[in-house]
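Engineer: sequence unknown, structure follows:
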């Protein structure tokens with residue numbers, strides 16, 4: 001168990017202006033120091049990859065907070081039915097209209113919408129959110145990973161307004177697709193189309209090593225630190241965190257530090273995950289780590305605002321400059337979301 005002495009007590013929101021000012025002063029010198037360090041440890045390829053992302057990062061005086069994963073869905077209907085025997089995370093829909101006030105209250109500027117598994121390989125409602133609120137929502141869409149003919153959709157995938165990439169999920173019956181060849185068509189097709197991929201596998205992250213090695217131009221983002229609740233319940237957290245940590249040697253791989261309240265066995269500030277978060281942050285650095293909530297998963301375990309302050313006020317290993325990157329700037333750069 002991790003001691004709660006590793007945490008700062010939450011500060012009042014009145015300190016945000018000072019923190020932002022400090023972050024701006026620190027930004028240039030911190031990035032220079034990290035580049036020098038990375039140049040000596042990861043090599044030129046990794047530095048160039050990170051510099052490419054840096055060039056895309058927004059330069060503003062306000063910290064932009066971007067949730068790397070939320071699900072939105074409407075009620076099941078004849079035109080938009082839910083998948084049978086796949087229960088939603090909450091009994092009632094989590095709609096656009098429900099999400100926006102919660103985001104505003106928590107100070108979340110933007111969110112990546114990942115269509116949930118219970119709506120199937122449909123992206124229509126997520127794309128509706130991006131169409132209606134293009135400054136607030138963008139989409140990492142789904143497609144059937146067991147149908148190679150779907151590769152024909154990828155060259156024009158981002159022609160759909162608000163679509164930024166693909167979410168690849170290997171859970172339940174589809175878990176074997178990652179390793180048995182079923183989804184092998186997908187990775188080169190996504191790489192060729194220049195599509196970033198957010199991915200999660202029930203077996204852990206070891207299956208993504210082969211993907212990372214074979215597809216060096218593919219931006220691969222590991223969801224939820226590679227963890228599922230099943231892995232947590234099986235006592236596999238250190239094992240899976242280690243797998244994700246080893247993937248950091250590939251500069252085109254990055255990680256979502258997301259869904260912590262649902263994965264943690266403790267209340268806010270989720271002290272049992274402090275070391276895991278720090279371990280992955282140390283491996284990937286601030287430009288390859290992305291805060292996120294998966295807000296409807298474990299909805300009652302923390303408010304949206306607490307999920308923000310968990311990172312901005314209690315993780316003492318994050319500098320103000322680091323928070324700028326992790327809380328949104330890095331993800332905007334990686335996904336090229338202007």
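Structural biologist: Perfect, I can see it now. Keep in mind that what you see is a predicted model, and the values were worked out from it rather than measured.

Engineer: Spit out the contact partners of residue 267.
Structural biologist: With C-beta atoms under 8 Å, 6 or more residues apart in numbering as the criterion, the residues that contact residue 267 are 301, 302. Bear in mind the C-beta positions are built from the backbone N, C-alpha and C, glycine included.

Engineer: So what does it look like in phi/psi?
Structural biologist: Here is the backbone geometry of residue 267 (degrees, to the nearest 10): phi -80, psi 170.

Engineer: What pLDDT is listed against it?
Structural biologist: Per-residue pLDDT puts residue 267 at 97.

Engineer: Over to residue 91?
Structural biologist: The predicted local confidence for residue 91 is 86.

Engineer: That one: neighbour count?
Structural biologist: 6 (other C-beta atoms under 10 Å).

Engineer: for the one 3 residues further on, same thing?
Structural biologist: Applying the criterion other C-beta under 10 Å, we find 20 residues in the vicinity of residue 94.

Engineer: my read: it touches residue 71, true?
Structural biologist: Yes. If you go by C-beta atoms under 8 Å, residue 94 and residue 71 touch, sitting 6.3 Å apart.

Engineer: tell me, what's touching the two both at once?
Structural biologist: Shared contacts of residue 94 and residue 71, defined by C-beta under 8 Å, 6+ apart, comprise 295, 296.

Engineer: ranges for the helices of the stretch 1-150 of the chain?
Structural biologist: Applying DSSP state H, counting those that start in this stretch to the stretch 1-150 of the chain gives helices spanning 16-41, 44-56, 96-106, 124-132.

Engineer: can you tell me which helix or strand residue 291 belongs to?
Structural biologist: Using DSSP states H and E, residue 291 falls within strand 289-292.

Engineer: Give me the helices and strands touching that strand, please.
Structural biologist: The contact analysis (3 or more C-beta pairs under 8 Å, 6 or more residues apart in numbering; DSSP states H and E) places strand 289-292 against strand 66-70, strand 253-258, helix 330-335.

Engineer: okay, those, which one's buried deepest?
Structural biologist: Of all the helices and strands packed on strand 289-292, strand 66-70 has the most neighbours on average by mean count of other C-beta atoms under 10 Å, namely a mean of 26.

Engineer: Determine the set of other helices and strands touching it.
Structural biologist: Strand 66-70 packs on strand 110-113, strand 253-258, strand 289-292, helix 330-335, going by 3+ C-beta pairs under 8 Å, 6+ apart.

Engineer: Quick one: work out the angle between it and helix 124-132.
Structural biologist: Going by axes from the mean of the first three to the mean of the last three C-alpha atoms, to 10 degrees, strand 66-70 is angled at 160 degrees with respect to helix 124-132.
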